[in-house]
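Colleague: Quick check, what structure comes out for this input:
(2 chains)
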Number of protein chains: 2
Amino acid sequence: MAELSSDERRARIVLSRIVEPGDVDACRLVREHSAAALLQRLQTGIYPGKAKLRDWSERVSRAGYDEITALADSVNARYICPGDAEWPPTANDLQRLEQESGDRRGGAPFGLWVRGSGHLGQLAERAVAIVGARASTAYGEHVAGSIAFGCAEQGFTVVSGGAFGIDAASHRGALAGGGRTLALLASGVDRLYPPGNTQLLKRITETGVVVSEAAPGCVPSRSRFLVRNRLIAALAIGTVVVEAALRSGSLNTARWALDLSRLVMGVPGPVTGASSAGVHQLLRQPETLLVTDAPEVIEHISPPGSNLAPSKQGPSSQRDLLHPRSRQLLDAVPAVVAATAESIAKAAGLSYCDVVARLHALERMGAVARVDKDRWRISRQ
Amino acid sequence: MAELSSDERRARIVLSRIVEPGDVDACRLVREHSAAALLQRLQTGIYPGKAKLRDWSERVSRAGYDEITALADSVNARYICPGDAEWPPTANDLQRLEQESGDRRGGAPFGLWVRGSGHLGQLAERAVAIVGARASTAYGEHVAGSIAFGCAEQGFTVVSGGAFGIDAASHRGALAGGGRTLALLASGVDRLYPPGNTQLLKRITETGVVVSEAAPGCVPSRSRFLVRNRLIAALAIGTVVVEAALRSGSLNTARWALDLSRLVMGVPGPVTGASSAGVHQLLRQPETLLVTDAPEVIEHISPPGSNLAPSKQGPSSQRDLLHPRSRQLLDAVPAVVAATAESIAKAAGLSYCDVVARLHALERMGAVARVDKDRWRISRQ
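Modeller: Numbers count the residues shown, from 1 in each chain, chains lettered A, B, ... in the order given. Prediction:
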């Protein structure tokens, strides 16, 4: 894909202030005609009567290119488009989704505002999204932070939404892991929302990026959060949901990830509270994966056969290595008051000769102790 | 299947004291020849030199029929065999498993000791197993108890192992739900093990049953617990695991349930502790089901399409019923300081005419309030 002409780029910058982010009609008109053509139609007032086009027309007079770029310049933000070296190709998967399924919820973006030292295209090459509740618990924040830390340590970019709670814990975990992270905002990249996370979002821009489809100056709104979620899902190989109530926005991100054939993972939590109820609902669907730590997440988002999570095993004991008959015998050896081989044989249900031979072998291993000529108990070593 | 002759029944009673419960060789010899024939061979000392047959031979002299039945009578226990009216047909599924897969871990039982007023066959008709850690947490006990309560209330028998922790919480929950419950012991039914659960196990016998493959007088041992687990799995439609560490015995029960083509369900818990790590490992296998409460368990163990769990939904709001454009508008209406329709239209990205019409409609619904001629804010009703 070739780079855009400067006229088309200018038009897209203006459109990013006029149309709602991800508006499917706008995305399609830009793709099929051009942003310049759409903008001209809006400026001349020739539009086919749709309420949405009326909205855009009204806004066109208020959206000055110079005003937008001045705001962008004030925070060193840049506008990138499909065809640019920094453009993340995974964002284009939304186009396939829109075309194949006629999805009306959000089209493929025609441009993205980027703020920060990171290279968006490179950051999105190996990325995992970690999302969850704003009203999180200490449990959820701990788990999200530690998964983000582990993934970042292994070179994965952590993508999230910059919100309070799980999002912030994930971004922080990635930074703590010495990795890079990417925050997708619903507002313009000049408005680091929520204000309480301003310092965190600024830190993100030092090595990573803060990204938005909406032009500088745009305020966040509920619908913009939802449509923003599709980009979180698209830019990552997989999405991990940590703590989500039944109507959580992060379930919307998970839905997008599933629709985009991305991996969807969920971290379970207590079933007695509401904080993980949405995650459990998600995990009851067969296409989702239960994860409990970073190695499990990394195994899923890595090429098959690589980065396998170490298999979890409880403490193994010398006992496991014994012959089944020796184990059966050992179970019958008393721990406190020593017993004769005959009475042990009886309790174990094993023949006397066999028991005597095995008791001596177990004594050599240090598993049983002989108290006198023929009385045995479990060794206290 | 016809009832057994009294000679064969006598022989099985004696064998239940001699052979380890579920011993595959013993189970097969009894099935293919008879318990009477096997016992005679052991009594005459004619056996083909296998260590196991030597064990049995030694024990045969010590296992008196009268002694066993006296112990059984002392606790009103009865011995039931395949072909008896009270025999649970689901126990025979272990035979299929043993024959099809050559499973060496435990054969189909040739008889069961039963203590209590319940009818084992009827109890096992609609049964769910709930198993888990002995070293359980308050969380696990609460969840196990409440799932058992809910299942028992709906007429399902709760099957468990009578142990401390999750087992005890499940039995108690079932009794509290006015239902019946079935405890499968690794010791003889005269030895209510563990002693700390004696009162609970006695209460179980008032309406349900306590069951064991081992004869009265037998002590529990580690291998007997494991082999007992196959009966818990076999007698239930599905097995629910609540709290299990990585090497928990309840994962062994789950394994049996999977091998028997029964449903295996797991209740998740915090990933930060070890208490649910085994459950999570289980839930990462595609053939297992995540459950969070009794209705979900009941849906799984009921015929398809019946007893559907109510779908879990968060609180819905009037907002959900609005047109997307009205929702977009509502997001732009200030909550505190009222704004003009023009400024709201600008913030919402909607055309002025449309906004004015929708604001009046939202006012009639009580969603927004008009402060003066043309200033609006979110209603405080």
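
Colleague: what domains does the record give for chain A?
Modeller: According to automatic domain parsing, chain A comprises the domains A:67-301, A:318-378.

Colleague: And these: which comes nearest chain B?
Modeller: With C-beta to the nearest C-beta, the closest approach to chain B among those belongs to domain A:67-301: 3.2 Å. From N, CA and C alone the C-beta is placed, and that goes for glycine too.

Colleague: For the closest one, what is the spacing between the initial and final residues?
Modeller: Its first and final residues considered, domain A:67-301 spans 41 Å by C-alpha to C-alpha, to the nearest Å.

Colleague: Do me a favour and average the pLDDT over it.
Modeller: Confidence over domain A:67-301 (mean pLDDT, whole number) is 95.

Colleague: between the domains of chain A, which gets nearest to residue B:25?
Modeller: Judged by C-beta to C-beta, the one of the domains of chain A that comes nearest to residue B:25 is domain A:318-378, at 13.1 Å.

Colleague: okay, the domains of chain A, which one's buried deepest?
Modeller: Counting by mean count of other C-beta atoms under 10 Å in any protein chain shown, domain A:67-301 has the highest mean neighbour count of those, with a mean of 22.

Colleague: how much space between the nearest residue to residue A:291 once chain neighbours are set aside and residue A:129?
Modeller: Nearest-residue entry for residue A:291: residue A:265, 4.5 Å, with adjacent residues in sequence omitted and distances by C-beta to C-beta, 6 or more residues apart in numbering or on different chains. Note on residue A:265: its distance to residue A:129, by C-beta to C-beta, to the nearest Å, is 10 Å.

Colleague: same question, residue A:142
Modeller: Counting by C-beta to C-beta, the gap from residue A:142 to residue A:129 is 19 Å.

Colleague: now do residue A:367
Modeller: When distance is defined by C-beta to C-beta, residue A:367 is 51 Å away from residue A:129.

Colleague: quick one: pLDDT of residue A:358?
Modeller: So residue A:358 comes in at 89 (pLDDT).

Colleague: Could you look up the SS state of it?
Modeller: Per DSSP: H, G, I helix; E, B strand; the rest coil, the secondary structure class of residue A:358 is helix.

Colleague: who's in contact with it?
Modeller: When contacts are counted by C-beta atoms under 8 Å, 6 or more residues apart in numbering or on different chains, residue A:358 touches A:323, A:325, A:326, A:329, A:350.

Colleague: that older thread, hey, what's in contact with both of residue A:265 and residue A:129?
Modeller: Counting by C-beta under 8 Å, 6+ apart, the common neighbours of residue A:265 and residue A:129 are A:238, A:239, A:240.

Colleague: The last one: which element?
Modeller: Spelled out, that is residue A:240. Element membership for residue A:240 (DSSP states H and E) is strand A:238-242.

Colleague: Contact partners for the closest residue in space to residue A:153 that isn't next to it in sequence?
Modeller: Using C-beta to C-beta, 6+ apart and skipping the chain neighbours, the partner closest in space to residue A:153 is residue A:177 (4.4 Å). Going by C-beta under 8 Å, 6+ apart, residue A:177 touches A:148, A:149, A:150, A:151, A:152, A:153.

Colleague: Out of those, the closest to residue B:120 would be?
Modeller: Distances from residue B:120 to the contacts of residue A:177, taken by C-beta to C-beta, are shortest for residue A:150, at 50.1 Å.

Colleague: elements contacting the helix or strand containing the closest one?
Modeller: For residue A:150, the element it lies in under DSSP H and E is helix A:138-153. Packing partners of helix A:138-153 (3 or more C-beta pairs under 8 Å, 6 or more residues apart in numbering or on different chains; DSSP states H and E): strand A:127-132, strand A:157-160, helix A:166-176, strand A:238-242, strand A:263-267, helix A:294-301.

Colleague: contacts for the strand holding residue A:240?
Modeller: Here strand A:238-242 makes contact (C-beta under 8 Å, 6+ apart) with A:128-132, A:136, A:140, A:143-144, A:147, A:166, A:170, A:232-233, A:250-251, A:253-254, A:257, A:262-267, A:278-279, A:282, A:291, A:297, A:300-301.

Colleague: now swap in stretch A:112-121 and tell me
Modeller: A:16, A:72, A:75-81, A:85-89, A:91, A:180, A:182, A:188-190, A:204-216, A:231.

Colleague: Sitting in strands, which of the residues you listed do you find?
Modeller: Counting by DSSP state E, these place A:77, A:78, A:79, A:80, A:182, A:209, A:210, A:211, A:212 in strands.

Colleague: Out of those, just show me the ones up against chain B, please.
Modeller: Filtering the ones in strands among the contacts of stretch A:112-121 for proximity to chain B (criterion: C-beta under 8 Å from any C-beta of the partner chain) leaves nothing.

Colleague: Farthest pair within those residues?
Modeller: Farthest-apart pair in the ones in strands among the contacts of stretch A:112-121 is A:79 and A:182; separation 16.7 Å (C-beta to C-beta).

Colleague: on that earlier part again, tilt between the following helix or strand past the strand holding residue A:240 and strand A:238-242?
Modeller: As assigned by DSSP H and E, the chain's next helix or strand after strand A:238-242 is helix A:249-259. Angle between the axes of helix A:249-259 and strand A:238-242 is 160 degrees (criterion: axes from the mean of the first three to the mean of the last three C-alpha atoms, to 10 degrees).

Colleague: Helix A:249-259 packs against which elements?
Modeller: Packing contacts for helix A:249-259, counted by 3+ C-beta pairs under 8 Å, 6+ apart, involve strand A:127-132, helix A:222-235, strand A:238-242, strand A:263-267, helix A:277-283.

Colleague: chain center to it: distance?
Modeller: 11 Å (C-alpha atoms, centre = their mean, to the nearest Å).

Colleague: List of residues touching that helix?
Modeller: So helix A:249-259 is contacted by A:97, A:101, A:103, A:129, A:131-133, A:161, A:166, A:225-226, A:229-230, A:232-234, A:236, A:238-239, A:241, A:244, A:263-264, A:266, A:278, A:281-282, A:287-288 (C-beta under 8 Å, 6+ apart).

Colleague: Please repeat the previous calculation with a cut-off of 6 Å.
Modeller: Contacting residues not belonging to helix A:249-259 are listed as A:97, A:131-132, A:225-226, A:229-230, A:232-233, A:239, A:241, A:244, A:264, A:278, A:282 [C-beta atoms under 6 Å, 6 or more residues apart in numbering or on different chains].

Colleague: Same question for stretch A:340-356.
Modeller: Contacts of stretch A:340-356 with the rest of the structure, by C-beta under 6 Å, 6+ apart, involve A:328, A:329, A:332, A:333, A:359, A:374, A:375, B:20, B:51, B:54, B:55, B:58.

Colleague: got JSON lines for the residues you listed, with distance to residue A:29 and secondary structure too?
Modeller: Formatted as JSON lines, those follow (distance: C-beta to C-beta, whole Å; DSSP: H, G, I helix; E, B strand; the rest coil):
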{"residue": "A:328", "distance to residue A:29": "77", "secondary structure": "helix"}
{"residue": "A:329", "distance to residue A:29": "81", "secondary structure": "helix"}
{"residue": "A:332", "distance to residue A:29": "81", "secondary structure": "helix"}
{"residue": "A:333", "distance to residue A:29": "82", "secondary structure": "coil"}
{"residue": "A:359", "distance to residue A:29": "86", "secondary structure": "helix"}
{"residue": "A:374", "distance to residue A:29": "94", "secondary structure": "coil"}
{"residue": "A:375", "distance to residue A:29": "92", "secondary structure": "strand"}
{"residue": "B:20", "distance to residue A:29": "77", "secondary structure": "coil"}
{"residue": "B:51", "distance to residue A:29": "83", "secondary structure": "helix"}
{"residue": "B:54", "distance to residue A:29": "87", "secondary structure": "helix"}
{"residue": "B:55", "distance to residue A:29": "84", "secondary structure": "helix"}
{"residue": "B:58", "distance to residue A:29": "90", "secondary structure": "helix"}
